[in-house]
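[1] One predicted model, sequence on top.
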Amino acid sequence: MKFSLRYKFVSIVLLSSIPFLIYAVYHYINTVNGNKKSAFARNLAVAEETSERINSFIENSRNVLYSLALHPAIINKDPSGCDDLFQQLLPLYPIHLNILAADMKGNNFASALSPEGAHSINYADREWFVKGSKGVSVVTDLHISKLFTQPAFMVTMPVFGQSGAQTAILGFPVNLYKFQEHLTEIEKIQPHISFSLVDNKGITLLNTADRGEIGKPFKQSALLQKASKVTGKSFITLDQNGTERYYSLSLVNATGWKVISSIPTSEVYAEADQAALRHLIFFFLICLSGGLSAIWFSRRLGRKVESIVNGLNEVSAGNYSCRLAIPGSDELAQAGKAFNRMTSERGSYLIEIKGLADSLERKVQIRTAELLNSKNELEAFSYAISHDLHAPVRHILAFTHILLEEHSKELSDDIRGHLERINRAGENMKEMITHLLALSRLNRHEITRVSVNVSTMSEAILSDLRDTEPGRNVQTTIAEGITTYADPALLRIVLQNLISNAWKYTRKCNLPTIEIGETMVNEIRCFFIKDNGCGFDMAYAEKLFAPFQRLHSTEEFEGSGIGLATVMRIVQRHGGRIWAESTPDEGAAFFFTIMSLDA
């Protein structure tokens with residue numbers, strides 16, 4: 001008992017902490033999703049900002065060269081004047097390796113650094129010279145200077161003479177190491193975010209994660225292909241070390257170079273993992289403190305609860321002399337005192353209740369026997385009355401028939417009319433007695449349920465009615481396949497009465513119609529017989545199923561007034577109910593139900 005109570009207390013604590021656990025999981029998922037979106041945004045922003053800064057840097061370099069291309073010393077190809085000018089300007093652009101100029105044959109005639117050695121260099125074999133000699137400004141891919149070994153890229157500008165012909169090419173090589181330091185410093189990129197710049201030949205120009213990769217082929221060629229397909233978007237893949245990272249791509253418009261920024265996915269989950277760990281620790285502490293509290297309370301309350309349970313077991317076994325001794329003044333002690341009062345009072349009440357129950361049972365048995373006797377006597381009386389009345393009625397009909405047939409000439413017209421009225425009244429009384437006798441026999445009829453095809457039975461009844469009145473043209477509609485489990489003889493009486501009534505009360509219609517089918521009313525299966533006959537006023541509907549109650553005179557429509565009472569009795573014996581709906585001169589609809597065998 002104590003262990004069970006302790007287990008329940010601990011279970012309550014654990015269940016009450018489940019919402020906190022759900023919140024922790026929800027918070028973790030939200031944090032991860034938020035961090036993913038933030039990481040994608042930051043990563044893409046780094047790529048786009050870097051490409052914009054590279055574009056801006058190249059444009060500024062071209063502007064410097066364009067200004068130099070207009071200087072007279074350069075237009076006149078004055079070596080000493082150009083050397084002095086370049087040497088003065090180069091310190092202003094620390095990211096650039098040199099400022100140089102070459103004539104249209106590729107010979108260097110000016111250099112900011114080592115002019116004596118540079119003047120002997122010919123650039124005719126260099127890509128920047130070949131493209132720059134065509135009168136356009138060029139930005140090359142990876143460039144290795146003939147004076148220096150540092151990797152760079154070259155920015156060129158054509159120089160035109162006064163005649164308009166190109167006379168020279170200015171070169172402005174950019175030191176990639178210093179360029180990377182410059183971009184990293186001004187962008188203040190977070191330590192865990194890195195980016196690479198790859199030229200059109202797949203050579204690494206910048207790599208903030210590994211400076212040693214500058215000037216070498218980009219190792220992740222597959223990454224480069226995948227990045228080219230998702231320009232302006234972010235994606236997840238593995239780097240060359242097998243680390244999962246978010247990647248974003250942006251193009252340098254001036255050159256077509258690719259800026260690829262990346263961030264490890266572990267950074268995205270780090271914050272969420274820390275929060276999840278905190279929540280897990282809190283959850284463990286809650287469960288631990290709650291569990292210890294539950295065990296302490298269960299120990300304290302266990303004995304009292306066990307005492308109450310044992311007392312209840314004694315009472316359930318019939319021992320009302322059991323008394324509880326629970327110390328203290330708390331709720332359980334009060335419950336023990338109430339238990340003692342209850343058992344004390346209940347013992348005396350039970351004796352009194354048992355006496356009343358025995359007395360009531362005897363009275364019920366007596367009343368049941370009296371009711372059964374009354375029912376049997378009523379049925380016997382009804383049967384006897386209806387049976388015994390047959391003989392006097394037959395005698396009256398027989399004598400009136402003799403008088404009318406054998407002494408008709410001796411009787412006056414008034415007497416003959418009286419005898420005919422007596423005869424008709426006798427025939428009506430005979431029919432009423434017959435129906436009353438049939439009604440009294442219904443209660444003694446044992447119901448035997450079998451599967452009955454209502455559609456087939458209805459068609460047979462209508463066929464008999466057509467034979468009795470072959471001159472009538474009644475349009476009938478019978479739903480196919482209607483079946484139910486009922487006593488076939490009793491069900492035929494029900495259908496015979498309802499269909500005959502529909503046939504009778506449509507006699508004055510120009511286009512009489514009768515419909516037989518089934519429907520659902522309040523999810524209960526119902527059978528119905530509808531007609532478009534004379535109908536009746538619903539104010540008198542409760543008289544329909546009472547014996548000998550008629551809503552139409554016998555002169556207007558024949559009948560005994562016992563048919564619907566018989567129908568109602570049969571339907572009730574099948575566990576169903578019957579009701580009618582009608583409007584005067586618009587027809588009537590009778591609905592009835594039969595309780596299914598599995599109800």
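    Happy to help now that I have it. Numbers count the residues shown, from 1 in each chain.
[2] Quick check: bridge partners of residue 168?
    Under DSSP bridges, the beta-bridge partners of residue 168 are residue 103, residue 159.
[3] Would you confirm that it contacts residue 107?
    No: counting by C-beta atoms under 8 Å, residue 107 is not a contact partner of residue 168; they are 9.9 Å apart. The way it works is simple: take the backbone N, C-alpha and C, and place the C-beta from them, glycine included.
[4] so is the residue of the chain most remote from its centre in a helix, a strand, or just coil?
    Largest separation from the mean C-alpha position in the chain: residue 410, at 93.6 Å (C-alpha atoms, centre = their mean). Secondary structure for residue 410, judged by DSSP: H, G, I helix; E, B strand; the rest coil, is coil.
[5] ok, so what distance separates it from residue 419?
    Distance, residue 410 to residue 419, by C-beta to C-beta, to the nearest Å: 12 Å.
[6] Can you name the residues in contact with stretch 137-146?
    Stretch 137-146 has contacts (C-beta atoms under 8 Å, 6 or more residues apart in numbering) with 58, 62, 65-66, 97-98, 121, 123, 126-128, 131-132, 151-158, 173, 199-201, 203, 205, 215, 254-255.
[7] Let me know the average pLDDT across the helix or strand where residue 339 lies.
    Counting by DSSP states H and E, the element that carries residue 339 is helix 331-388. Taken as a whole, helix 331-388 has a mean pLDDT of 71.
[8] quick one, helices of the stretch 401-550 of the chain?
    413-442, 454-468, 488-505 (DSSP state H, counting those that start in this stretch).
[9] before we move on, what about the stretch 151-300 of the chain?
    Going by DSSP H, counting those that start in this stretch, the stretch 151-300 of the chain shows helices at 176-187, 221-229, 265-316.
[10] Compare the mean pLDDT across these and name the weakest.
    helix 265-316 (a mean of 68).
[11] who wins for proximity to residue 115 among the helices of the stretch 401-550 of the chain?
    helix 454-468 (117.8 Å; C-beta to C-beta).
[12] Counting by contacts, list what the closest one packs against.
    strand 475-478, strand 483-486, helix 488-505, strand 513-521 (3 or more C-beta pairs under 8 Å, 6 or more residues apart in numbering; DSSP states H and E).
[13] And residue 81, how far from residue 157?
    Residue 81 is 18 Å from residue 157, by C-beta to C-beta.
[14] Show me which of these two is the more surrounded one.
    Taking other C-beta atoms under 10 Å, residue 81 and residue 157 do not tie; residue 157 has more neighbours (24 against 15).
[15] Straight-line length of stretch 107-117, end to end?
    12 Å (C-alpha to C-alpha, to the nearest Å).
[16] so residue 420 makes contact with residue 405?
    No: judged on C-beta under 8 Å, residue 420 makes no contact with residue 405 at a distance of 11.9 Å.
[17] of those two, who's got more company?
    residue 420 (12 against 8).
[18] what residues are up against that one?
    residue 404.
[19] For it, give its distance to residue 413.
    Between residue 420 and residue 413 the distance is 10 Å, computed by C-beta to C-beta.
[20] do the same with residue 491
    49 Å.
[21] Who has more neighbours out of the two?
    Taking neighbours as other C-beta under 10 Å, residue 491 and residue 413 compare with residue 491 leading, 22 against 7.
[22] got a list of what that one touches?
    So residue 491 contacts 452, 454, 457, 484, 570, 594 (C-beta under 8 Å, 6+ apart).
[23] which of those residues has the most neighbours?
    Neighbour counts for those, by other C-beta under 10 Å, peak at residue 570, which reaches 26 neighbours.
[24] Pretty sure it sits against residue 492.
    No: contact between residue 570 and residue 492 fails when scored by C-beta under 8 Å: they sit 9.8 Å apart.
[25] Specify the next element, helix or strand, located C-terminal of the host helix or strand of residue 57.
    Element membership of residue 57, judged by DSSP H and E, is helix 2-69. Next helix or strand after helix 2-69 toward the C-terminus (DSSP H and E): helix 72-75.
[26] And residue 358, how far from residue 568?
    When residue 358 is compared with residue 568 (using C-beta to C-beta), they lie 39 Å apart.
[27] Mind checking which of these two has more residues around it?
    Shown here are residue 358 and residue 568; by other C-beta under 10 Å, residue 568 has more neighbours (21 against 10).
[28] pretty sure that one contacts residue 542?
    No: using C-beta under 8 Å, residue 568 makes no contact with residue 542, being 11.5 Å away.
[29] re the thing from before, can you flag which of the contacts of stretch 137-146 belong to strands?
    Those of the contacts of stretch 137-146 mapping onto strands are 151-158, 173, 205, per DSSP state E.
[30] Could you identify the most distant pair in those?
    That would be 151 and 158, which, of the ones in strands among the contacts of stretch 137-146, are the farthest apart (C-beta to C-beta) at 24.7 Å.
[31] Looking at the two now, which is surrounded by more residues?
    With neighbours defined as other C-beta under 10 Å, residue 151 and residue 158 compare such that residue 151 has more, 23 against 20.
[32] Just grab the bridge partners of that one for me.
    With DSSP bridges as the rule, residue 151 is bridged to residue 144.
[33] Next: the one 4 residues further on.
    Taking DSSP bridges as the rule, residue 155 bridges to residue 139, residue 172.
[34] can you count the residues close to it?
    Neighbours of residue 155 using other C-beta under 10 Å come to 27.
[35] what residues are up against it?
    Listed by C-beta under 8 Å, 6+ apart, the contact set of residue 155 reads 58, 61-62, 65, 137-139, 171-174.
[36] can you pick the most crowded of these?
    So for the contacts of residue 155 (other C-beta under 10 Å), the most neighbours sit at residue 171, 28 neighbours.
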